[in-house]
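1. Starting from these lines, generate the structure:
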Amino acid sequence: MLVALVRVLSSVTSSLIPAITSILTTSATVVPLCIATPVNAPLVRGYEAPLCTYCVGHRTLDFAGDDAESVILDVVAPLDGRVRFAGFVVHIYYVSIAPSMDPARTVTVGWSPVEMSPVEMSSVDMTMVDRAAPTDPVRVGHPVRAGSRLGITRAGSVVTLSLRNESGDYEDPGPYLGSLKVRARLVPLDGSGRRPPPSAVCRPVR
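-> Model (predicted):
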C-alpha cells in the first residue's frame, strides 16, 4: 500500500512540475510610461519648467556621481523603444528613443562619452561597469532594450535625461521614473477560465 502511494505521488509530482513551469506567464497590460535612470548615479538637478517655449528653464534631469575621473559608469537605455536620433551635439553624445509604451513621446539621454586605449582602461576603476550587460547597436531606426548599454562615461560627468511629448514640448520626466515590475501568475493549460493579464506596475525610484 505504501509503495503504491509513493508511486502515485511521484507520478503526480513529475507531471505537475513541467505543467507549472509552462503556465507561468508575465503578460501584462502596458503602463503609460516607465523610465529607468540611465546611469547608476544620484540625481543632482531636477527639472525646472520654463514659463514659455523659449524661456529660461532646466529641461532635463541631471545625474552625476562623485567627481572621480578614474571611475567609469555604464550609460544605459532607460526603456524599451526605437532609436530616433544618435549622435554628437558639440561634445555631448545624445540618443533619443521613441518608447514602445508611447511612441509619440521622445526620451533622450545625453552624456560625455569615454574613449580609452587598453592601457588607459587598465588604469581606471571599471567595477561599476556591467561587462555582461547587453549592448544593442545604437542606430536610428533600431530597437533598444531597457538596461542595454548605450555607452560609458566618467563618474564625475553629468548624464542628462529629457522627455518630450507628441508636440515636441518638454515634460518633467520625474513622475515617470521607476522600474517596471510584472507579477507572474498561473493560467490553465487548456486556455479555459482565462482572466485579463495582471497589470505592469512602475515602481518609483527611491
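2. After the lowest-mean-pLDDT helix or strand in the chain, which helix or strand is next?
-> Every helix and strand in the chain was compared by mean pLDDT, DSSP states H and E; the lowest is strand 24-25, with a mean of 39. Once strand 24-25 ends, the next helix or strand along the chain (criterion: DSSP states H and E) is strand 43-45.
3. Show me what whichever helix or strand comes after that next one is in contact with.
-> Heading C-terminal from strand 43-45, the first helix or strand you meet, by DSSP H and E, is strand 61-63. Contacting residues not belonging to strand 61-63 are listed as 37-39, 41-47, 158-162, 173-174, 177 [C-beta atoms under 8 Å, 6 or more residues apart in numbering]. Any C-beta I mention is one placed from the backbone N, CA and C, and that applies to glycine too.
4. rerun that using 10 Å as the cut-off
-> With C-beta atoms under 10 Å, 6 or more residues apart in numbering as the test, strand 61-63 has contacts from 35, 37-47, 73, 75, 109-111, 157-163, 172-174, 177.
5. got the contact list for Tyr94?
-> Residues counted as contacts of Tyr94 (C-beta under 10 Å, 6+ apart) are 85-88, 108-111, 150, 160, 162.
6. Separate out the buried members of the residues you listed.
-> 86, 108-111, 150, 160, 162 (16 or more other C-beta atoms under 10 Å).
7. Now render these as CSV, adding distance to Met101 and pLDDT.
-> Listed next are the buried ones among the contacts of Tyr94 as CSV, based on distance: C-beta to C-beta, whole Å; pLDDT from 0 to 100:
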residue, distance to Met101, pLDDT
Ala86, 20, 95
Thr108, 16, 98
Val109, 16, 98
Gly110, 21, 97
Trp111, 23, 96
Leu150, 18, 93
Thr160, 21, 98
Ser162, 17, 98
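8. Mind checking which of those residues are in strands?
-> 86, 108-111, 150, 160, 162 (DSSP state E).
9. Kindly indicate which of the buried ones among the contacts of Tyr94 lies nearest Ala98.
-> Of all the buried ones among the contacts of Tyr94, the one with the least separation from Ala98 (C-beta to C-beta) is Thr108, at 10.6 Å.
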